[in-house]
Each structure stands twice: as C-alpha cells, then as structure tokens.
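Chemist: only geometry, no sequence info:
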Ligand code: C2E
Ligand code: CA
Ligand code: CA
Ligand code: CA
C-alpha cells in the first residue's frame, strides 16, 4: 500500500495504469483545492533544547480532500511541483501562516519564529521577493520572525535566481534555514554559498541516535560545524527521550519532533499556546 502520510487515507496496491489515472484525478482536484478552501496549514512547535520552551513553529500544509480525507504533503507537493501549482499553493501557505503568526503574537505576546517551506520552483521565481514582502506587509509580521526553509535538493548551478533570491530575503531581514541538512548531494557547498542562518539536521540522522554510531558522529560533527560557522542548529524528527538527551548534551540549539508535539491544526496549536502561557 502506498501511504499518503501518517494517519492519512491509504491508497492500496493498484496497477500502474490505475495509479496514473489516480494521479491525474488528484492533479485536477489539486487545481481547485485552494479556491475550494480545502488546504489547511498545520503548525509544529520547535522548542529550546535546554528549557523546552516553545520558541517557534513550522507551517506544514495539508489537503483536506472532500472524499479522501487528509492527504499529506509528501504525496501532493510533488504533484503540485510537476503542475506548477506549488507557486500559488506556496504563496497561500506563506500568507496564511504569516497572518496566523502575527495574530498569535498579538494575542499571547509571544514572539515565535515561523518556519515556512520553500519549494525549488518558488525559489526560481523572479517575483519571489515581492511575494514575501507583500505577505509580510499584509500580515504585519516582523521579517525577523520569518524563516524560509530551503532544501538541498536544488542544484545551485541549475537555479540561477536561487542565490540572488536568498540574498534578497536576507536583506529584507528574513531568516534562511537549510532543511534536511546532510541528505543532499552538496551539503557543504550549500553551506558555503548560501546565506543560511540555521541548519535543520535531517530526521534520518536523528532517528539513528542510539542505533548507529556513525550517524551519531555525523550529528555531533554537524552541530559543531554549524556553531563554528556561527549558524544555529535545529534537529527534526526528535521522537524519544534518548534523542533529546543526546542532542542536548551535544549542544543542539532547538528541537522539533513527536516527542514534544505533532503538527497541529490552528485551534489546537492556539490552545497549546494559551495553556503554556498560563504556566
Ligand atoms: P519537512 O520540511 O522535512 O517537514 C518535516 C516533516 O516531518 C513533516 O512531515 C512533519 O510532520 C514530520 N515530522 C515532524 N516530527 C516528526 C517526528 O518526530 N518523526 C517523524 N517520523 N516525522 C516527523 P509532513 O508534514 O508530512 O511534510 C512532509 C514534507 O512535505 C515536508 O518535509 C516538506 O518537505 C513538504 N511540505 C510540507 N508543507 C509544505 C509547504 O507548505 N510547502 C512546500 N514546498 N513543502 C511542504
Ligand atoms: Ca521543513
Ligand atoms: Ca526537514
Ligand atoms: Ca523532508
């Protein structure tokens, strides 16, 4: 069975032909998902590794399909990239999340950092800076609280606008994080050439803490390297206490994962913030 994501609808083993028909149907559904109001933004907290206070959150998109239920981004983002729909979906996520973050700042007086994923397709758009600037103006969110997450899957050479766009974002005061660090073909080249403020250690390394000494060594070395380069480090996929202890002992700055909280829909995240505030 092919999974559409954790706890989501499952598509069972189908023939190649059926799968292709299914993809086409989903692509056409996706075309209308945005204006039909079927897209949702979920938020997952990022916590300080020492105090475990919530210091930020990552916006993660979901598609609430009228018949199929929730479809995870791991499944539909690739379809959105193929069709180019990612440009408008990504912009919608950015605007929605910026407005939400600004509202939470106003309601709770918390200055939480907001992480938003940027697809390679968006990063190559000539008007990316205008789109981000308008999302910030429209929401009133402080640019310093916005962090765009960029994956290493994009070749710097193949994407001429990429480096300029990232420098432009940095000039606006927006932060840049390299997502899934260590899984791309050119991690160190990325680190050297891109104006990144932070590194997100990929969950495939974090998962092997306590299991594979080589991966533990890579995690340690990544944290150390990031700090020597004056960059912050976030670990994602922190699922168990042992991950937390290891990452804390090795001075990772922030943590994200099911151990603390799953991605939550807006009302649940807001409830979490209001409860934390009363502590
Ligand atoms: P990502 O950016 O690496 O996001 C982290 C993924 O790990 C999320 O999956 C999150 O739910 C999941 N996760 C968080 N904590 C844990 C944990 O402790 N254990 C495990 N096993 N998983 C954990 P999700 O929400 O299904 O998103 C998958 C991917 O889809 C994201 O990976 C990102 O690449 C992409 N994506 C999500 N939202 C957007 C978006 O708005 N725009 C773009 N371009 N891509 C997005
Ligand atoms: Ca991410
Ligand atoms: Ca990631
Ligand atoms: Ca990923």
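Modeler: On my side now, so go ahead. The model shown is predicted, which means the values in this text are computed figures rather than measured ones. Ligands and ions are numbered 1, 2, ... in the order given.

Chemist: Show me what the host helix or strand of residue 130 is packed up against.
Modeler: Using DSSP states H and E, residue 130 falls within helix 128-139. The contact analysis (3 or more CB pairs under 8 Å, 6 or more residues apart in numbering; DSSP states H and E) places helix 128-139 against helix 86-108, strand 146-151, helix 160-171. (Each C-beta comes from the backbone N, C-alpha and C, glycine too.)

Chemist: Nearest to residue 18, out of these?
Modeler: In terms of CB to CB, the element of those nearest to residue 18 is helix 86-108, at 24.9 Å.

Chemist: what sits up against the following helix or strand past that closest one?
Modeler: As assigned by DSSP H and E, the chain's next helix or strand after helix 86-108 is strand 113-118. Strand 113-118 is contacted by residues 46, 55-60, 90, 93-94, 97-98, 101, 141, 145-151, 175, 177, 179 when judged by CB atoms under 8 Å, 6 or more residues apart in numbering.

Chemist: change it to 7 Å
Modeler: 55-59, 90, 93-94, 97-98, 101, 145-150, 177, 179 (CB atoms under 7 Å, 6 or more residues apart in numbering).

Chemist: Give me the distance from whatever helix or strand comes next after it to the chain's centre.
Modeler: Using DSSP H and E, the helix or strand that follows strand 113-118 in sequence is helix 120-123. Computed by CA atoms, centre = their mean, to the nearest Å, the chain-centroid distance of helix 120-123 equals 14 Å.

Chemist: cool, stretch 145-152 as well?
Modeler: Counting by CA atoms, centre = their mean, stretch 145-152 is centred 7 Å from the centre of its parent chain.

Chemist: swap in stretch 213-224?
Modeler: On CA atoms, centre = their mean, the centre of stretch 213-224 falls 22 Å from that of its chain.

Chemist: which parts of that stretch are buried?
Modeler: Going by neighbour count (16 or more other CB atoms under 10 Å), the buried part of stretch 213-224 is 215-216, 218-220, 222-223.

Chemist: out of the residues you listed, who's nearest ligand 2?
Modeler: Set against ligand 2, the nearest of the buried residues of stretch 213-224 by CB to the ion is residue 222 (16.2 Å).

Chemist: one step back: which of the contacts of strand 113-118 come close to ligand 3?
Modeler: residue 179 (CB under 5 Å from the ion).

Chemist: Of the contacts of strand 113-118, which are in range of ligand 1?
Modeler: Filtering those for proximity to ligand 1 by CB under 6 Å from any ligand atom leaves 90, 93, 149, 179.

Chemist: could you list every residue that touches the first one?
Modeler: Shown in contact with residue 90 (CB under 7 Å, 6+ apart): 118-119, 122.

Chemist: again, 10 Å this time
Modeler: By CB atoms under 10 Å, 6 or more residues apart in numbering, the contact set of residue 90 is 61, 77, 80-81, 116-119, 121-123, 125, 128, 131.

Chemist: Tell me the residues of the stretch 151-279 of the chain that contact ligand 2?
Modeler: For the stretch 151-279 of the chain, the residues in contact with ligand 2 (CB under 5 Å from the ion) are residue 179.
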